[in-house]
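J.: Return a 3D structure for these sequence lines:
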Amino acid sequence: MKRSEVNTIIREADAFVKSFQFHLPPFAYWTPEDWRKKGPEAKEIADHKLGWDVTDMGQGRYHELGLTLFTIRNGAPENLKSGRGKTYAEKLLIVGVNQITPFHFHWQKTEDIINRGGGKLRIQLYNSTPDEKLEEGSEVTVSLDGVVHTLPAGSIVTLLPGESITLPTGLYHKFWAEEERVLCGEVSTVNDDLTDNCFLDALGRFSDIEEDEPPLYLLVGDYGTYYLYAD
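T.: Residues are numbered from 1 along each chain as shown. All right, here's what the predicted structure looks like:
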């Protein structure tokens, strides 16, 4: 993706979020120059990959296969082992109409996906097999706003604004928006995009960026370039 495209996507995403009277934290608007001036007090943001994340899954077709996310808070994997500190994460997802986030599951993360507003969120579900394929012969059991549902494999669940689904570990899910863009919330256990995503097809979780203009705001993958204290 070109940086100019990423910058445009972030501007549009920020305006979309604000249209719901939702406000992002201050670090959402730190410029590259701001980051160069930050000291170790900001390490949690960089280390836990808080902030903007725009991905085309390495396929170069962002509006067909991609997602914009903003991680608001996140703990560390070791917190889950110790039971101390932040054992949770919170994100926003901006899902475009017919813009697919492809089939994937998580080995460690359990997550609630909430339609915070906009159009309909459509989510297709399959159990995973031991060899990480789609289990086409087994029913899927999920909780929708605290109510348990058992559905045929491959079922597509529709979430209207205000509705949510709990996605347990090992459950393949693919989602997209219908009618209008959707502002999604994600509340989960600790998020680790480096080691806890299993995609059905080989895809790149993060995009390669062609630097045709300076960053408006940094992506989570930019911290190592602009922030002195990034690991």
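
J.: Please give the number of neighbouring residues around Tyr88.
T.: For Tyr88, the neighbour count with other Cβ atoms under 10 Å is 15. (C-beta placed from N, C-alpha, C; glycine too.)

J.: show me what contacts it?
T.: Neighbour list for Tyr88: Arg73, Asn74, Gly75, Val187, Ser188, Thr189, Val190 [criterion: Cβ atoms under 8 Å, 6 or more residues apart in numbering].

J.: Check the spacing between it and His173 real quick.
T.: Distance of Tyr88 to His173, computed by Cβ to Cβ, to the nearest Å: 19 Å.

J.: before we move on, what about Asp192?
T.: 17 Å.

J.: likewise Gln108?
T.: Per Cβ to Cβ, Gln108 is found 15 Å from His173.

J.: same deal with Glu132?
T.: Glu132 sits 14 Å away from His173, going by Cβ to Cβ.

J.: Between the two, which has more neighbouring residues?
T.: Using other Cβ under 10 Å as the criterion, Glu132 and His173 rank with His173 on top: 21 against 13.

J.: quick one: the more buried one is in a strand?
T.: Yes. Using DSSP: H, G, I helix; E, B strand; the rest coil, the assignment for His173 is a strand.

J.: Show me the beta-bridge partners of it.
T.: Counting by DSSP bridges, His173 is bridged to His104, Leu125.

J.: what's next to the lowest-mean-pLDDT helix or strand in the chain, contact-wise?
T.: The weakest-scoring helix or strand in the chain, judged by mean pLDDT, DSSP states H and E, is helix 77-82 (a mean of 92). With contacts defined as Cβ under 8 Å, 6+ apart, helix 77-82 is touched by Gly85, Lys86, Thr87, Gln108, Thr189, Val190, Asp192.

J.: Render the CA-only coordinates of it in CSV, please.
T.: What follows is helix 77-82, C-alpha atoms only, in CSV (Å, rounded to 0.1, in the frame of the first residue of the first chain):
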residue,chain,number,x,y,z
PRO,A,77,0.9,-12.4,26.7
GLU,A,78,2.8,-13.0,29.9
ASN,A,79,0.0,-11.3,31.9
LEU,A,80,-2.3,-14.2,30.9
LYS,A,81,0.2,-16.6,32.5
SER,A,82,0.6,-14.7,35.7
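
J.: Any buried residues in it, and which?
T.: Along helix 77-82, these residues count as buried under the neighbour rule (16 or more other Cβ atoms under 10 Å): Pro77, Asn79, Leu80.

J.: element containing the spatially most central residue of the chain, please.
T.: Taking Cα atoms, centre = their mean, the centroid of the chain lies closest to Leu69, which sits 4.8 Å from it. Assessed by DSSP states H and E, Leu69 sits inside strand 67-74.

J.: What residues does Ser164 make contact with?
T.: The contact partners of Ser164, by Cβ under 8 Å, 6+ apart, come to Asp112, Ile113, Ile114, Asn115, Leu144, Asp145, Gly185.

J.: Can you classify the residue lying closest to Trp30 once chain neighbours are set aside by secondary structure?
T.: Spatial nearest neighbour of Trp30, excluding adjacent residues (Cβ to Cβ, 6 or more residues apart in numbering): Tyr217 at 6.7 Å. Of the three states, Tyr217 takes coil under three-state DSSP.

J.: Tyr217 contacts Pro26, doesn't it?
T.: No. With contact defined as Cβ atoms under 8 Å, Tyr217 does not reach Pro26; the gap is 11.4 Å.
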